[in-house]
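[1] Take this sequence and fold it.
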Amino acid sequence: MKKVYHSADSRGTSRLDWLDSRHTFSFADYYCPERISFGTLRVLNDDMIKGGMGFGTHPHQDMEIISIPIKGGLLHKDSTGHEEIISENEVQVMSAGTGIMHSEYNASLTEEAHFLQVWILPLSKGVKPRYDQKIFSISRDKSGIHLIVAPMNSKEDVLEINQNAFISKGILKSGESIDYVRYSKSNGIYIFLIDGELLIEGQIIRSRDGFGLYNKNEIQLNVIRDSEFLVLEVPMS
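    Below is the predicted model of the structure:
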């Protein structure tokens with residue numbers, strides 16, 4: 001088993017008048033040669049955007065992009081004709097493929113929006129751009145690890161991406177314990193803790209920490225404090 005631990009305060013930072021962004025992996029002006037990616041997990045950004053502000057129209061190509069609002073909503077527009085608001089309890093996926101232009105703004109003019117954005121390298125390059133979003137009504141009273149993103153043609157009632165990757169959202173109560181078993185034995189597992197405190201394979205992780213493991217088929221999560229987290233299971237090459 002191989003492990004990697006990224007504390008919340010070790011992440012890169014981008015600050016503008018309207019944006020406070022933390023980067024688990026190298027992004028924009030933040031560069032760390034030891035933190036380029038975790039396998040095919042290339043970007044994990046933790047963004048807070050002031051009311052009425054956001055990212056203007058910009059391009060993407062050959063990347064699977066997943067946006068997960070934590071608080072508030074995002075107004076998304078893209079070159080395929082989609083114009084949608086992504087709200088709390090929704091998840092958005094965008095397969096950039098051959099190329100797509102899009103913008104993302106805080107849907108509120110007054111309230112701050114907070115969201116996570118994940119970039120995963122694609123299985124196949126040059127595919128047709130694709131967009132989808134879905135509501136996941138996962139309440140804090142519903143303990144467990146709930147699948148929200150899976151590979152194409154997975155036959156699961158979840159969002160799909162162009163990679164052999166799986167994303168789950170976990171909600172667990174203090175004192176609970178749960179095992180996570182990989183969907184694919186060639187994948188690594190990266191846990192990002194949104195809030196709470198967990199003990200995983202001897203490592204305590206706290207709010208906004210990240211912890212990755214590979215060459216291990218099953219991991220146990222023990223909850224020290226009520227926790228909300230993402231499990232990002234991705235190919236390591």
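[2] For Asp179, grab the count of nearby residues.
    9 (other CB atoms under 10 Å). C-beta coordinates here come from the backbone N, C-alpha and C atoms, glycine included.
[3] what about it, helix or strand, and which?
    Using DSSP states H and E, Asp179 falls within strand 177-181.
[4] and whichever helix or strand comes after that strand, what does it pack onto?
    As assigned by DSSP H and E, the chain's next helix or strand after strand 177-181 is strand 187-200. Counting by 3 or more CB pairs under 8 Å, 6 or more residues apart in numbering; DSSP states H and E, the packing neighbours recorded for strand 187-200 are strand 41-49, strand 166-172, strand 203-206, strand 210-214, strand 218-235.
[5] Would you mind checking the average pLDDT for the longest one?
    So that's strand 218-235. Across strand 218-235, the average pLDDT comes to 98.
[6] wait, what's in contact with the nearest residue to Ala96 once chain neighbours are set aside?
    Spatial nearest neighbour of Ala96, excluding adjacent residues (CB to CB, 6 or more residues apart in numbering): His60 at 3.8 Å. Applying CB atoms under 8 Å, 6 or more residues apart in numbering to His60 gives the contacts 94, 96, 99-100, 102.
[7] and the gap between His60 and Met53?
    Per CB to CB, to the nearest Å, His60 is found 20 Å from Met53.
[8] how deep is the closest residue to Gly52 other than its chain neighbours tucked in, by neighbour count?
    Setting aside the residues directly before and after it, Gly52 is nearest to Leu109 in space (CB to CB, 6+ apart), at 4.3 Å. Under the neighbour criterion other CB under 10 Å, Leu109 is assigned a count of 10.
[9] At the geometric centre of the chain, which residue do we find?
    Val118 (4.0 Å; CA atoms, centre = their mean).
[10] and Leu198, what does it touch?
    So Leu198 contacts 172, 191, 204-205, 221-224, 227, 229 (CB under 8 Å, 6+ apart).
[11] Could you break the protein into its assigned domains?
    For the chain, the structural domains run 12-135, 144-235, going by automatic domain parsing.
[12] of all those, which lies closest to His6?
    Of all these, domain 144-235 sits nearest to His6, with 4.1 Å by CB to CB.
[13] Give me the neighbour count for the residue nearest to Leu199 when sequence neighbours are not counted.
    Leaving aside its sequence neighbours, Leu199 sits nearest to Asn222 (CB to CB, 6+ apart; 4.2 Å). Asn222: 16 surrounding residues under other CB under 10 Å.
[14] Asn222 reaches Ser177, doesn't it?
    Yes - counting by CB atoms under 8 Å, Ser177 is a contact partner of Asn222 at 4.8 Å.
[15] Counting neighbours, what do you get for Asn187?
    20.
[16] Could you check how far it is from Lys128?
    From Asn187 to Lys128 the distance is 25 Å (CB to CB).
[17] Ser67 too?
    Taking CB to CB, one finds Ser67 at 20 Å from Lys128.
[18] ok, now Gln61?
    Per CB to CB, Gln61 is found 12 Å from Lys128.
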